[in-house]
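**Q** okay, sequence plus prediction incoming.
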Amino acid sequence: MGVKQVKRFKEDDEVIWSSQAGGSEKVKIGLVVEVIPAGSSVKKSRFAIFLDAPGMARSEESYIVCVGPNPGSRAKPKYYWPRTSALSLNTN
């Protein structure tokens, strides 16, 4: 019987994950800006107004991640609430 490894990150960790939309996959890299405890709604986050998320609590600890714009861009940073299972610590 296998043991599920629990991924834990802290604020300011740089994480990487891939997401899929419109038939294409995109790799995203960003900084953890908030840790959401298990059973808590993301709607209580200080970043809630920036998220397009349903707000239902997740059974495991989860993370709000900020992906900044490219250098020289006038775009604003984007905030995501990715699945914890998709996240890895960026070691590059």
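**A** Right, received. Where do you want to start?

**Q** all contacts plus neighbour counts: C-alpha atoms, from now on.
**A** Fine.

**Q** tell me the average confidence for the lengthiest strand in the chain?
**A** Using DSSP state E, we find that the single longest strand of the chain is strand 24-36. Average pLDDT, strand 24-36: 94.

**Q** partners of that strand in the sheet?
**A** Its sheet considered, strand 24-36 pairs with strand 14-21 (antiparallel), strand 62-67 (antiparallel) by DSSP bridges.

**Q** where does the prediction get shaky in this protein?
**A** Applying pLDDT under 70 to the chain flags residues 1-6.

**Q** and with 90 instead?
**A** Low-confidence segments of the chain, defined by pLDDT under 90: 1-7, 19-23, 43-44, 52-56, 68-75, 91-92.

**Q** what's the neighbour count on residue 20?
**A** 9 (other C-alpha atoms under 10 Å).

**Q** so what sits opposite it in the bridge?
**A** Beta-bridge pairing of residue 20 under DSSP bridges involves residue 25.

**Q** contacting residues for the nearest residue to residue 83 once chain neighbours are set aside?
**A** With sequence-adjacent residues excluded and distances taken as C-alpha to C-alpha, 6 or more residues apart in numbering, residue 83 is closest to residue 62, at 7.3 Å. Under the criterion of C-alpha atoms under 8 Å, 6 or more residues apart in numbering, the contact list for residue 62 reads 35-38, 81-84.
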